[in-house]
Structure formats: C-alpha cells, structure tokens
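S.K.: here's my sequence, what's the structure:
(2 chains)
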There are 2 protein chains.
Amino acid sequence: MSWLDEVAWGADGLIAAVAQDAASGRVLTVAWMNRLALEASLQEGRAVYWSRSRGKLWRKGEESGHVQRLIEVRLDCDGDAVLLRVEQVGGIACHTGRESCFYRVFEDGGWRVTDAVLRDPAEMYGDKARGER
Amino acid sequence: MSWLDEVAWGADGLIAAVAQDAASGRVLTVAWMNRLALEASLQEGRAVYWSRSRGKLWRKGEESGHVQRLIEVRLDCDGDAVLLRVEQVGGIACHTGRESCFYRVFEDGGWRVTDAVLRDPAEMYGDKARGER
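M.R.: Model (predicted):
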C-alpha cells in the first residue's frame, strides 16, 4: 500500500508515535510502531503499537481497558513520526495509573512528580504491573 | 548530574523529544536528544536537538530564527521521551514553512496536506532548504 511506503521506517523498522488527547490537548504517550502496527491501528481505529521490550504488537489497553480510540492520524514532514489524536478511554494513559506518561516536570535541578495516581496499577493489572499495558 | 542519569538513554544515546506549543497545544515537532542536547536545552532555555542526519547538535532555529523557547520540560514514565512545552518563535516549527511538522492527515487511504505554507523555505534558508533547521 503506497501510503505505508510514504512512511520513513527506521533501520529497526520503527517510527515514533505520539498520542495526544483530542479533547484536552494533553500529550499522553510516546510509543513505537512498525508497518503492522500502523496498519492495524488504522484498520481497527485504535492505537496499536510495537512493544520493543516484548517484541510483539501491543494493543494499547488490552489489559487495562484504557484503549486509545483514534480521532485522527498525522504524519510529519520527514515521515518518521506519527501523531495520534485520540479519545483516551478511562482518562488514564499511563501504566502507573496517571492521565499522562509525562507526569514529571524538570524543576530546581530534578524531576518532580506533578500528577496524581488516578487508579491503582495493582487493580489495573493484578500482580504483574509493569510498563506497556 | 543525577537528573541526567534518570533519563533512559537508548543504545544510540538518544531519546525522543516532542515539542508542543504551550499556548495552542498543537504538537509541532518530534526530534532527538542526547545528553549534551538535553543539558544545553535546559541551560539555554531553548530546544537543542541532536541531528541524526548531520551528526551534531542542532540549535532549533539557528538558521531560520524559529527558536523554540522552553516553558516546561517533562519526562515520561519510562524515561525515554521528553515533552517540551514551548513558545514557538515566528509561529513556524517546520522547515517547509508550516506551523507544525504534522501537516498531513490520513484520509481516504492516503496522506492529505491540511496546512498552508506560512513562509517560503527559500526565504528562510536561501538556496539550501532542507530538513532540521
């Protein structure tokens, strides 16, 4: 499909994918996509990433229920990044139970946590809480 | 510096850096940073990236004048991406003369350009218009 060939896949076959809450404008997550992931995302209307740590497709929200429904997908000028404008189901994008993965701000020479945990990760994932859910 | 060690630098020494217009909320660019670039950004209060194509530090706007002034820098949960909330000088982030690099949307099976060129790249860069300026 030609639209897939217009994407500048990296040497590792990946591009960066930024998810932004379409309503609030908040940047929620940065993850990775290969061809399969981008194709699946557009077919299914939800964010499907490539998990580098697990080496497989990762349907965002498959365990937590915190699916990212696609409102719009944009490609950048050099074709190596996509922007997903999404509806974040449950209002939680991060595996730590926070709205956004970007919950730390640089301040006074360090990273300070600014966002509250909205849902206990143990409740979201049982006893196997870690990244990429 | 410990705050630099909290960043999960990739095997290539890089992390992804997303720049977002702090006023409009629009996602402008995705670029890359190494330790030097992040340190320089925070010291200078402007976005300094690592140009993968040129293999050197890239002070965003050094040729075009379209500097990204830092309002806030955020780190994500797994530490391999930063979000820069910026003031985009000149209102143009893209080397094509558009506000955002994400000027194409996926529609009807292809990428459609949605954004107007606000400034002629030839005027911005003379006869050497290409990416990463």
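S.K.: for the rest of this, base every contact and every neighbour count on C-alpha atoms.
M.R.: Noted.
S.K.: quick one, longest helix in chain A?
M.R.: Criterion DSSP state H: the longest helix present in chain A is helix A:35-44.
S.K.: that one - contacts with which helices or strands?
M.R.: Here helix A:35-44 touches strand A:48-51, going by 3 or more C-alpha pairs under 8 Å, 6 or more residues apart in numbering or on different chains; DSSP states H and E.
S.K.: look at the residue sitting furthest away from the middle of chain A and report its pLDDT.
M.R.: Going by C-alpha atoms, centre = their mean, the residue of chain A most distant from its centre is residue A:108, 28.6 Å out. Here, the pLDDT recorded for residue A:108 equals 95.
S.K.: strands of chain A, residue ranges please.
M.R.: A:15-21, A:27-33, A:48-51, A:56-59, A:68-75, A:81-88, A:104-107, A:110-113 (DSSP state E).
S.K.: contacting residues around the spatially most central residue of chain A?
M.R.: Central residue of chain A (C-alpha atoms, centre = their mean): residue A:29, 4.3 Å from the mean position. Residue A:29 makes contacts with A:18, A:19, A:20, A:93, A:94, A:100, A:101, A:102, B:76, as judged by C-alpha atoms under 8 Å, 6 or more residues apart in numbering or on different chains.
S.K.: the second one contacts residue A:27, doesn't it?
M.R.: Yes. With contact defined as C-alpha atoms under 8 Å, residue A:19 reaches residue A:27; the gap is 6.1 Å.
S.K.: okay, buried residues for stretch A:114-125 please.
M.R.: Buried positions in stretch A:114-125, judged by neighbour count with 16 or more other C-alpha atoms under 10 Å in any protein chain shown: A:121, A:124.
S.K.: near chain B at all, that stretch?
M.R.: No. Judged by C-alpha under 8 Å from any C-alpha of the partner chain, stretch A:114-125 and chain B are separated, with a smallest distance of 9.8 Å.
S.K.: what sits against residue A:50?
M.R.: A:31, A:32, A:33, A:34, A:37, A:56, A:57, A:58.
S.K.: which of the residues you listed ranks first by neighbour count?
M.R.: Per-residue neighbour counts (other C-alpha atoms under 10 Å in any protein chain shown) across those peak at residue A:33, which has 26 neighbours.
S.K.: who's in contact with it?
M.R.: A:14, A:15, A:16, A:17, A:48, A:49, A:50 are the contacts of residue A:33 under C-alpha under 8 Å, 6+ apart.
S.K.: got it, and residue A:52?
M.R.: residue A:32.
S.K.: per-residue pLDDT, it?
M.R.: pLDDT, read off for residue A:52, is 92.
S.K.: how much space between it and residue A:15?
M.R.: For residue A:52, the distance to residue A:15 equals 12 Å [C-alpha to C-alpha, to the nearest Å].
S.K.: common neighbours of the two, please.
M.R.: Residues touching both residue A:52 and residue A:15 by C-alpha under 8 Å, 6+ apart: residue A:32.
S.K.: where in chain A is the helix or strand with the lowest mean pLDDT?
M.R.: helix A:121-125 (a mean of 89; mean pLDDT, DSSP states H and E).
S.K.: about what we covered before: next, format the strands of chain A as CSV and append distance to residue B:80.
M.R.: Formatted as CSV, the strands of chain A follow (distance: least, C-alpha to C-alpha, whole Å):
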stretch, distance to residue B:80
strand A:15-21, 12
strand A:27-33, 9
strand A:48-51, 14
strand A:56-59, 18
strand A:68-75, 20
strand A:81-88, 15
strand A:104-107, 13
strand A:110-113, 14
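S.K.: that older thread, show me the beta-bridge partners of the residue nearest to the centre of chain A.
M.R.: Here residue A:29 sits in beta bridges with residue A:19, going by DSSP bridges.
S.K.: low pLDDT regions in chain A?
M.R.: For chain A, applying pLDDT under 70 flags the ranges A:1, A:127-133.
S.K.: try it again at 50.
M.R.: For chain A, no stretch has pLDDT under 50.
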